[in-house]
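*Asks:* No letters, just coordinates:
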């Protein structure tokens, strides 16, 4: 059956792309209709490449943490996100996220099927200085890394084909509605005034809650305590993530401007502060200063600053990095690992980090940093409105992402088993799923 389904998918895409000029109306707009800024365009091309680099970086980050017999499978889960989500995004998902709004919840994909109407001579309303296609491709990289983040929670025990199916459903039914509600001008969170500069709700909270749902649904690994395969992979992955995150956050300014520089600065200091706080707290609690701890801390800081990067000052970014790292460190240490096997602490780092960042955006966002904040500045400036909006969005996204993700895991498991057999888990996913090994 799987062979038939895969054959149908390939043949359908081949046929539709071959006859696309007959079934899709392109409606080209003359090049002179929109004047783009070459500096903005150049920076966004680079930023888009930066963000894509984050996904293989995540592969190294996760791959180094699992046991040796699961390294290839874990890294391949990230790599295949680049493959599957790219095609899915072009075919239908971009329209669902950024197409004409349907009730402020989801976009109408019919106007953007196969990137119909997404060209190099038109522009997105909130990014008027760069080509529409560049904006769409930049957003594709965010969609790519989000399901890849989830994989750390069910590492070492998930069937690969089931993961691919879950990834497709997650993008269609969870990621795209959240992206539309948060970043589309007609989205309900956008119109509420919720601030999410680069993906606190859309990427990290959705991935964190989905990870928790996955860890609960799949159950514990037979052996939870494993020696990390390659700490050097974790260090390399952290470096690639930190590097790519500059595209993630500074690129979300959608231009080569002062706001991009501000986001780059806040991203830099938050990551450094969080790494410092993590290793300091480990030492305070009587643990050794570890490379793994420093790497995890840096990533937590990057996660937490993401929603706030273009709205807060440098000193407040340092606070966000320090505070989020301390909170996530405590959650990791107190997490009920004996009951819920979130293998690589995705919820404690990405979910909790994203929530802390969203709330602290509501505390520290300043119109002096970004005029788009308006009069509803952060709580520290005397206005509670933004903080209440952030808290409301946090609760709504948390409930939606967790419940919907659990439902998707349930549906996928009915279609094809999610978890490998005990024998294959013992053998390792590299051999049992892919016939390869280190």
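*Replies:* Alright, I've got the coordinates. Everything numeric here is computed off the predicted structure, so don't read it as measured data. Numbers count the residues shown, from 1 in each chain.
*Asks:* what is the rounded mean pLDDT of the helix or strand containing residue 48?
*Replies:* Residue 48 belongs to helix 38-63 when elements are defined using DSSP states H and E. Averaging pLDDT along helix 38-63 yields 98.
*Asks:* now swap in stretch 260-271 and tell me
*Replies:* On average, stretch 260-271 scores 98.
*Asks:* Just the pLDDT for the residue nearest to residue 245 when sequence neighbours are not counted.
*Replies:* Spatial nearest neighbour of residue 245, chain neighbours left out: residue 302 (4.9 Å); criterion: CB to CB, 6 or more residues apart in numbering. (Glycine included, C-beta is placed from N, CA and C.) pLDDT recorded at residue 302 is 98.
*Asks:* Residue 237 too?
*Replies:* 98.
*Asks:* Burial check on it, number of neighbours?
*Replies:* Per other CB atoms under 10 Å, the neighbour tally for residue 237 reads 26.
*Asks:* name the element the nearest residue to residue 285 once chain neighbours are set aside belongs to?
*Replies:* Excluding the flanking residues, the one nearest residue 285 by CB to CB, 6+ apart is residue 333, at 7.7 Å. In this assignment (DSSP H and E), residue 333 forms part of helix 314-334.
*Asks:* unless I'm mixing things up, the residue nearest to residue 245 is touching residue 269, no?
*Replies:* No. Using CB atoms under 8 Å, residue 302 is not in contact with residue 269; the gap is 11.1 Å.
*Asks:* Which one's more surrounded, the two?
*Replies:* Taking neighbours as other CB under 10 Å, residue 302 and residue 269 compare with residue 302 leading, 31 against 19.
*Asks:* residues contacting that one?
*Replies:* Going by CB atoms under 8 Å, 6 or more residues apart in numbering, residue 302 touches 241, 242, 245, 267, 270, 271, 274.
*Asks:* Inside helices: which ones of those?
*Replies:* 241, 242, 245, 267, 270, 271, 274 (DSSP state H).
*Asks:* can I assume the third one is in contact with residue 271?
*Replies:* Yes. Under the criterion of CB under 8 Å, residue 245 lies in contact with residue 271, with a separation of 7.3 Å.
*Asks:* More neighbours: which of those two?
*Replies:* When neighbours are counted by other CB under 10 Å, residue 245 comes out ahead of the other of residue 245 and residue 271, with 31 against 26.
*Asks:* Helices of the stretch 301-438 of the chain, start to end?
*Replies:* 314-334, 346, 352-364, 385-415, 422-427, 429-434 (DSSP state H, counting those that start in this stretch).
*Asks:* Columns mean neighbour count on top of those, output as JSON lines?
*Replies:* Listed next are the helices of the stretch 301-438 of the chain as JSON lines, based on neighbours: other CB atoms under 10 Å:
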{"stretch": "helix 314-334", "mean neighbour count": "21"}
{"stretch": "helix 346", "mean neighbour count": "27"}
{"stretch": "helix 352-364", "mean neighbour count": "27"}
{"stretch": "helix 385-415", "mean neighbour count": "19"}
{"stretch": "helix 422-427", "mean neighbour count": "13"}
{"stretch": "helix 429-434", "mean neighbour count": "20"}
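*Asks:* among these, which is nearest residue 46?
*Replies:* helix 314-334 (22.4 Å; CB to CB).
*Asks:* Sketch out the low-pLDDT regions of the protein for me.
*Replies:* Residues of the chain meeting the criterion pLDDT under 70: 25-33.
*Asks:* show me where it has strands.
*Replies:* With DSSP state E, the ranges of strands along the chain come out as 101-102, 106-107.
*Asks:* same for the first one, what does it pack against?
*Replies:* I take that to be strand 101-102. If contacts are counted by 3 or more CB pairs under 8 Å, 6 or more residues apart in numbering; DSSP states H and E, strand 101-102 sits against no helix or strand.
*Asks:* Indicate each strand paired with it and its parallel or antiparallel sense.
*Replies:* Using DSSP bridges, the strands paired with strand 101-102 are strand 106-107 (antiparallel).
*Asks:* Please enumerate residues in contact with the partner strand?
*Replies:* By CB under 8 Å, 6+ apart, strand 106-107 touches 95, 96, 97, 98, 99, 100, 101, 176, 177, 180, 184.
*Asks:* Any chance of a markdown table for the helices of the stretch 301-438 of the chain, columns distance to residue 81?
*Replies:* Shown next, in a markdown table, are those (distance: least, CB to CB, whole Å):
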| stretch | distance to residue 81 |
| --- | --- |
| helix 314-334 | 23 |
| helix 346 | 14 |
| helix 352-364 | 18 |
| helix 385-415 | 16 |
| helix 422-427 | 22 |
| helix 429-434 | 16 |
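*Asks:* what's the closest of those helices to residue 61?
*Replies:* With CB to CB as the measure, helix 346 is the member of these nearest residue 61 (11.2 Å).
*Asks:* ok, residues contacting that closest one?
*Replies:* Contacts of helix 346 (CB under 8 Å, 6+ apart): 149, 150, 152, 153, 207, 208, 211, 212, 215.
*Asks:* redo that, cut-off 6 Å
*Replies:* Helix 346 is touched from outside by 152, 153, 211, with contacts defined as CB atoms under 6 Å, 6 or more residues apart in numbering.
*Asks:* From those residues, which land in helices?
*Replies:* Per DSSP H, the contacts of helix 346 map to helices at residue 211.
*Asks:* What subset of the contacts of helix 346 is buried?
*Replies:* 152, 153, 211 (16 or more other CB atoms under 10 Å).
*Asks:* Name the member of those with the shortest distance to residue 86.
*Replies:* Nearest to residue 86 out of the buried ones among the contacts of helix 346 is residue 152 (CB to CB; 21.0 Å).
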